[in-house]
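In: requesting a structural model of the entry that follows:
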Amino acid sequence: MANNPKPTLTQKIWLYLRRTIRLRCPECGISPLYLPASRVESISDWFTMLPGCPRCGYPYDREPGYFIFALSMINFGLVAIFGVGTLLLLDSLFDLSTAQLIFFTLLPLWLLGILSARHTKAFFLALDHLLSPHVKGPH
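Out: Just a heads-up that it's a prediction; the model follows:
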């Protein structure tokens, strides 16, 4: 039986990033974090993470308000940086009025905020697991 070496920090970071992109459990990497898009029936379903991993038992949402930082700071920061970049790009490439600049900048931002919310929460969960693993037993 081969003795598997403990993964380095860099290997763990890349592993958790891959799992984040795929919206999978940070512990086992197999079970999804959310309902599949085909089963989403409301905006609440889109944003609500499953309670935990059915395969390994890793809890996704440990306490009320757990993802407030992820959504308020990380997602907001991502949208704000994209918005400023879009505004500067549009201003440098096109001769638009202020109202047009605002409109064409804000138009994609709401969509980016909605589409990136799931990945933002997954990233926060993976980051939390990397820095402070919440697992039962030795790993």
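
In: contacts and neighbour counts: CA atoms only from here.
Out: Noted.

In: and the helices in the chain?
Out: All helices of the chain, identified by DSSP state H, fall at 9-21, 43-47, 68-69, 76-93, 98-131.

In: from residue 127, how far out is the closest residue to residue 27 other than its chain neighbours?
Out: Once flanking residues are discounted, residue 27 sits nearest to residue 58: 6.8 Å by CA to CA, 6 or more residues apart in numbering. Look at residue 58 and residue 127: by CA to CA, to the nearest Å, they are 14 Å apart.

In: try residue 35
Out: 21 Å.

In: need the helices of the chain in CSV (columns: mean neighbour count).
Out: Listed next are those as CSV, based on neighbours: other CA atoms under 10 Å:
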stretch, mean neighbour count
helix 9-21, 16
helix 43-47, 13
helix 68-69, 12
helix 76-93, 15
helix 98-131, 17
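
In: take the ones you listed and write them to CSV, including distance to residue 28.
Out: Output for these, formatted as CSV (distance: least, CA to CA, whole Å):
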stretch, distance to residue 28
helix 9-21, 9
helix 43-47, 22
helix 68-69, 24
helix 76-93, 27
helix 98-131, 11
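
In: mean pLDDT lowest for which of the ones you listed?
Out: Note on the helices of the chain: helix 68-69 shows the lowest mean pLDDT, a mean of 82.

In: elements contacting it?
Out: Contacts defined by 3 or more CA pairs under 8 Å, 6 or more residues apart in numbering; DSSP states H and E place helix 68-69 against no helix or strand at all.
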